[in-house]
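Participant: here you go, sequence then predicted model.
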Amino acid sequence: MNISQIINSSIISKNNFSPNSLYLLVPKGKNLILYSLSPSVNKLYKLSFNSTINYIEFSPSSEYFLVLLSKREECIIKSVKNKNFEIIIKEPIFGINSSIWSSKDNYILISLKKYNSLHIFSTLDEYENLEDELDNKNKLNHEKNFKYIISNIKYQNLSKGICFSYNGGDFAAIAIRKQIKDYIEIYETDKYELISSFVCNTINLENIFWTKDNSFIILYENCNYDSKLLIYSLSGNLISIQEPYKNFMGINKLNISPNGHYITSSYYDNIIRLYHYLSFKLCTSINSDILLFPQNNNKFIFEKTVILVENSKKNEINFDHLYDKEKTSFKLENTFPKNYNNNNINNKNVDYITNFSYSFNSKYIAFNCTKYPHLILIYDINKFKLAFLLVFENNIIDFIWSPSSLQLVICTENDDKIYFFQPQRVKGFKLPINNSIKDNNSNTVNDNKERNIYFSKDGKRVLYKKNKYNFFLIEPGNDI
């Protein structure tokens, strides 16, 4: 286990890692540092801009990265291998709202303020021209106009409403809003030519996804205490509508299992529902109450394998299965954190799934809920039963499975430690002690809402965002 600390990064997300997991971007205000992660963490170079950095993203090939400044008047493309390489994409009239890479290095997608349009900048010729001219100049700034425009996009923030197909991203599905109706338009990404367009049976489309084999488009909506999950063919035929029941709060998270077999949605009724990909029928509903308390007369009694994770002053702690499944009972009610109000259990307003995450092989799904914020339930998809229950002495903030192994990394309100789960064991690691970062009021920064965990795509490194200004780079190794 190797833990490094990097301080005062203004942006921490999955975009800090390059897709090939070889580089790391660390923005801080107007400055940006590029690190190499192989064979070890090394600083490559530092860049400075004339405005605060608002967004970063590596290109799909990891050879370039995009920087969007807070003024949002220009979008800048930089090269990983050549510090002096620079392309400036600037719209001369209207400011930029958001920008992302296309599924290939050849395009940048940009939305503009006050206009529901998607402007697509082609970089096909710019890369070669700039590389040639850089031999004679230290830096070249090119201001180029956009090459393609898609009108009436539903969301100006490109974090939703647009989705690229899997395995190469040859197609892009984009949510369109026109004439008081929702449409899906499908483009091939070589030249962004429209190949399909159809109207949706939705009032207010929330987001869209591709199935893993790129055969269908999945979309959902939450509207007026009602929600629908809809599956369309690429030609616009409605294949299936899933609507569990009327008058409920709707879907708060939608995902597809890594093997593509299950469409998984969590609802505000504290239930996760798995729909099979081939039939689009409901396979199972995962309810934390039923899993924990299968018998009404045995409240807070659990008769499965339980792993209890406790705090310790040691830097590294091994945890065994505290509860033997051969015993008769385990009293869950005695495990609530001291600062937790047990009255929340009966408060339906906070009873929903907080987060869920699939293991890389789709065997397990880990989830927790507001009703029991100190628990992580690990459900075995193959056996359709609960496999593990992790009980913490502090409420859980975030967790995520590794994309390449059965490692589940967890952070809690105890911000001095981070935990790693494997089916064989659980370990907690004490984070290195460093000088406290203080805000303007000289108070120690400890904002739980800012804390998140991100894995590199190869699963070798973890970014742990401890607070707004502070994160750790962790290399857990193959065996914790």
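Facilitator: That came in fine, so what should we check first?
Participant: and the closest residue to Lys71 other than its chain neighbours, helix, strand or coil?
Facilitator: With Cβ to Cβ, 6 or more residues apart in numbering as the criterion, Lys71 has its nearest non-adjacent residue at 4.5 Å, and that residue is Ser51. (C-beta placed from N, C-alpha, C; glycine too.) Assigned state for Ser51: coil (three-state reduction, DSSP: H, G, I helix; E, B strand; the rest coil).
Participant: likewise for the one 4 residues further on?
Facilitator: Each residue gets one of three states, and Tyr55 gets strand by three-state DSSP.
Participant: distance of it from Leu66?
Facilitator: For Tyr55, the distance to Leu66 equals 7 Å [Cβ to Cβ, to the nearest Å].
Participant: overlap in contacts of those two?
Facilitator: Common contacts of Tyr55 and Leu66 (Cβ atoms under 8 Å, 6 or more residues apart in numbering): Ser99.
Participant: for beta bridges, what are the partners of Phe471?
Facilitator: In this structure, Phe471 bridges to Ile6, Lys465 when assessed by DSSP bridges.
Participant: residues near it, how many?
Facilitator: By the measure other Cβ atoms under 10 Å, the count of residues near Phe471 is 26.
Participant: kindly report the same for the one 3 residues further on.
Facilitator: Ile474 has 23 neighbouring residues, counting by other Cβ under 10 Å.
Participant: same deal with Ser48?
Facilitator: Using other Cβ under 10 Å: Ser48 sits among 8 other residues.
Participant: check Phe399 too.
Facilitator: For Phe399, the neighbour count with other Cβ under 10 Å is 22.
Participant: so what touches the strand or helix carrying it?
Facilitator: Remark: Phe399 resides in strand 396-401, with elements defined by DSSP states H and E. Outside of strand 396-401, the residues within contact range by Cβ under 8 Å, 6+ apart are 354-355, 357-360, 364, 366, 368, 373-376, 407-413, 448, 451-455.
Participant: ChimeraX command for the buried members of these?
Facilitator: Buried subset of the contacts of strand 396-401, written as a ChimeraX selection, criterion 16 or more other Cβ atoms under 10 Å:
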select :354,355,357,358,359,360,364,366,368,373,374,375,376,407,408,409,410,411,412,413,451,452,453,454,455
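Participant: strands - which of the contacts of strand 396-401 land there?
Facilitator: Judged by DSSP state E, these include 354-355, 357-358, 364, 366, 368, 373-376, 408-412, 452-455 as members of strands.
Participant: tell me where the stretch 51-200 of the chain has strands.
Facilitator: With strands called from DSSP state E, counting those that start in this stretch, the stretch 51-200 of the chain shows them at 53-58, 64-69, 74-79, 86-90, 96-101, 107-112, 117-122, 143-144, 148-151, 162-164, 171-178, 181-188, 193-199.
Participant: tilt between the second one and strand 107-112?
Facilitator: In this case it means strand 64-69. 10 degrees (axes from the mean of the first three to the mean of the last three Cα atoms, to 10 degrees).
Participant: quick one: strand 64-69 to strand 53-58, angle?
Facilitator: Going by the same axes, to 10 degrees, strand 64-69 is angled at 170 degrees with respect to strand 53-58.
Participant: helices or strands next to strand 64-69 in the packing?
Facilitator: Judged by 3 or more Cβ pairs under 8 Å, 6 or more residues apart in numbering; DSSP states H and E, strand 64-69 is in contact with strand 53-58, strand 74-79, strand 96-101.
Participant: burial of the closest residue to Asn167 other than its chain neighbours, as a residue count?
Facilitator: Closest residue to Asn167 apart from its sequence neighbours, by Cβ to Cβ, 6+ apart: Asn214 at 7.3 Å. Using other Cβ under 10 Å, Asn214 has 17 neighbouring residues.
Participant: how about Asn214, phi and psi?
Facilitator: Dihedral angles of Asn214 (phi, psi; degrees, to the nearest 10) stand at phi 60, psi 20.
Participant: in terms of contact, does it touch Gly169 like I think?
Facilitator: No: counting by Cβ atoms under 8 Å, Gly169 is not a contact partner of Asn214; they are 9.7 Å apart.
Participant: Lys43 and Ile33 touch, don't they?
Facilitator: Yes: look at Lys43 against Ile33 with Cβ under 8 Å: they come within range, at 6.2 Å.
Participant: good, wrapping up.
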